[in-house]
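Q: 3D, please:
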Amino acid sequence: MDGLQLIQRKIYEIRGQKVMLDFDLAEMYEVETRVLNQAVKRNIERFPPDFMFQMTKDEWQNMSSQFVMTSRNKRPKTAVPLAFTEHGVVMLSSVLRSNIAIQTSVLIVRAFVAIRQLIANPPTDRVGELERQMQELRNYMEEVFADYNDINEDTRMQLELINQTLAELQTQKKIEEKPRNPIGFT
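A: Sure, this is the predicted structure:
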């Protein structure tokens, strides 16, 4: 699995936003979580609420019960992580001034962009496409059979008219061929 996919697996949706958690970021930036959080607190003016927010205990418990997180075991039981949006991750690269922070931030931004593009342009659903084509084929076949049945119905009607006309002609012929009583004196 490449680096972009590893990063995408660490992007979660919390409060309707795509975010990354402080311990995952610290792991990627190769620093301790407490060092990352200290750097953020020293530069808190760079992290408005739309860049970073503190998760609630309920959000953290719900999230950690849904996912198996090995990094959770490293956190104190009472500590809840900070959640960073895409903009907050970009701002982290200016707070953590190492080369690895810059390279990692570039990868993380690319992961966010890839997710945004995936949401904007979802891949074609092959099964859905096949279902749509099958439905079109069914509709076409129903129309063809309906036309065929109409033709057959019309043909049956014409055949009945022909048979009826033939029956009338035969009746007339029998009447005409019936021996007549001679007229006149015998």
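
Q: right, and the helix or strand after the longest strand along the chain?
A: Longest strand of the chain, by residue count under DSSP state E: strand 17-21. Next in sequence after strand 17-21, counting helices and strands by DSSP states H and E, comes helix 22-29.

Q: what's the average pLDDT for that next one?
A: Across helix 22-29, pLDDT averages out at 88.

Q: how near is the spatially most central residue of the chain to residue 128?
A: Taking C-alpha atoms, centre = their mean as the criterion, residue 122 is the residue nearest the geometric centre of the chain, at 6.3 Å. From residue 122 across to residue 128, the span is 11 Å (C-beta to C-beta, to the nearest Å). All C-beta atoms are positioned from the backbone trio N, CA, C, and that covers glycine.

Q: chain center to the longest helix seen in the chain: distance?
A: For the chain, the helix with the greatest residue count under DSSP state H is helix 126-177. Centre-to-centre, helix 126-177 and its host chain are 43 Å apart (C-alpha atoms, centre = their mean, to the nearest Å).

Q: then stretch 25-40?
A: Relative to its parent chain, stretch 25-40 has a centroid offset of 35 Å by C-alpha atoms, centre = their mean.

Q: how is the chain partitioned into domains?
A: 3-120, 126-176 (automatic domain parsing).

Q: with mean neighbour count and distance to residue 184 added, can I get these in TSV?
A: As requested, these are arranged in TSV below (neighbours: other C-beta atoms under 10 Å; distance: least, C-beta to C-beta, whole Å):
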stretch	mean neighbour count	distance to residue 184
domain 3-120	16	105
domain 126-176	10	20
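
Q: which stretch among these comes nearest residue 185?
A: Between residue 185 and the domains of the chain, the shortest separation by C-beta to C-beta is 24.8 Å, and it involves domain 126-176.

Q: name the helices or strands packed onto the longest strand of the chain?
A: Strand 17-21 is packed against strand 12-14, strand 82-84, helix 86-95, helix 99-120, with contacts defined by 3 or more C-beta pairs under 8 Å, 6 or more residues apart in numbering; DSSP states H and E.

Q: run through the chain and note the low-pLDDT ranges.
A: 1-2, 64-78, 123-124, 149-151, 186 (pLDDT under 70).

Q: residues making contact with stretch 99-111?
A: Contacting residues not belonging to stretch 99-111 are listed as 3-4, 7-8, 11, 20, 25, 28-30, 86, 89-90, 92-93 [C-beta atoms under 8 Å, 6 or more residues apart in numbering].
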